[in-house]
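S.K.: Based on what follows, work out the 3D shape:
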Amino acid sequence: MPAADRLVILDRDGVINQDSDDYVKSLDEWIPYPAAIEAIARLNRAGWTVAIATNQSGIARGYYDVEELEAMHDRLHELVHDAGGEIAHIAHCPHGPDEGCECRKPLPGLLEEIREALAMDSLEGSWMVGDSLRDLQAGEPMGCRPVLVRTGKGRRTEEKGEGLEDALVFDDLAAFVDWLLAH
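M.R.: The predicted structure is shown next:
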């Protein structure tokens, strides 16, 4: 069981890979940031656990199916493994914004799934890294420390400024990892 203060939870689109306002709908459209893949591996090599919490409403909207999502995640696992790391768990919400589920961020359901999957008592003190306010809000009730990256929708989120009072802000995941490993 990983220690909560050695866990980094990442949003996917805009943090690990390029985001799209038209949704990332296929493996061909899933384009990782090379520095993010290496950053995940660096965290692992330094003794950190990495998990992912990602809203994937494109499934509910019929843009792609669970098999296509799994192909993207298989590729992600492969790239991180090839870089010398691993992702402990990927939690995804397949629901649309109006379905009333408990897992869609900003609700903490995906983080609760990660906590259970990793057999942790609490996520208090872990890090929640995202490019939108809802990513950071999902971590709040779980006691996660918020980090905004400027990739993806991050610059737009930063410009709005609301709800970021407690968040650390970095240019990208690699810059956050540089900071984290230096502290």
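
S.K.: Phi first, then psi, for the spatially closest residue to Asp135 that is not a sequence neighbour.
M.R.: Excluding the flanking residues, the one nearest Asp135 by C-beta to C-beta, 6 or more residues apart in numbering is Asp11, at 4.4 Å. C-beta here means a position set from N, CA and C on the backbone, and glycine is covered the same way. Backbone torsions of Asp11, given as degrees, to the nearest 10, read phi -70, psi 160.

S.K.: in the protein, what residue sits furthest out from the centroid?
M.R.: When distances are taken from the C-alpha mean of the chain, Gly62 lies farthest, 22.3 Å away, according to C-alpha atoms, centre = their mean.

S.K.: For Pro94, see how far away that one is.
M.R.: 11 Å (C-beta to C-beta, to the nearest Å).

S.K.: Scan the protein for its longest helix.
M.R.: As assigned by DSSP state H, the longest helix anywhere in the chain is helix 66-82.

S.K.: Need the contact partners of whichever helix or strand comes after that one.
M.R.: Downstream of helix 66-82, the first helix or strand assigned by DSSP states H and E is strand 89-93. Residues outside strand 89-93 that contact it (C-beta atoms under 8 Å, 6 or more residues apart in numbering): 12, 51-57, 69, 73, 76, 101, 103-105, 109-111, 113-114, 117-118.

S.K.: the strands in this protein, which residues?
M.R.: Ranges of strands in the chain, per DSSP state E, are 7-10, 49-55, 89-93, 127-130, 145-149, 168-170.

S.K.: want to throw these into a markdown table with mean neighbour count, mean pLDDT and distance to Lys160?
M.R.: A markdown table is the format used below for the strands of the chain (neighbours: other C-beta atoms under 10 Å; pLDDT from 0 to 100; distance: least, C-beta to C-beta, whole Å):
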| stretch | mean neighbour count | mean pLDDT | distance to Lys160 |
| --- | --- | --- | --- |
| strand 7-10 | 26 | 98 | 21 |
| strand 49-55 | 24 | 98 | 18 |
| strand 89-93 | 20 | 98 | 23 |
| strand 127-130 | 28 | 98 | 14 |
| strand 145-149 | 24 | 98 | 11 |
| strand 168-170 | 17 | 98 | 12 |
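
S.K.: and of the ones you listed, who's closest to Asp21?
M.R.: Smallest distance to Asp21 across the strands of the chain (C-beta to C-beta): 14.1 Å, for strand 49-55.

S.K.: Kindly calculate the angle that the closest one makes with strand 89-93.
M.R.: Counting by axes from the mean of the first three to the mean of the last three C-alpha atoms, to 10 degrees, strand 49-55 lies at 10 degrees to strand 89-93.

S.K.: any idea how far strand 49-55 is from the chain center?
M.R.: A distance of 4 Å separates the centroid of the chain from that of strand 49-55, by C-alpha atoms, centre = their mean, to the nearest Å.
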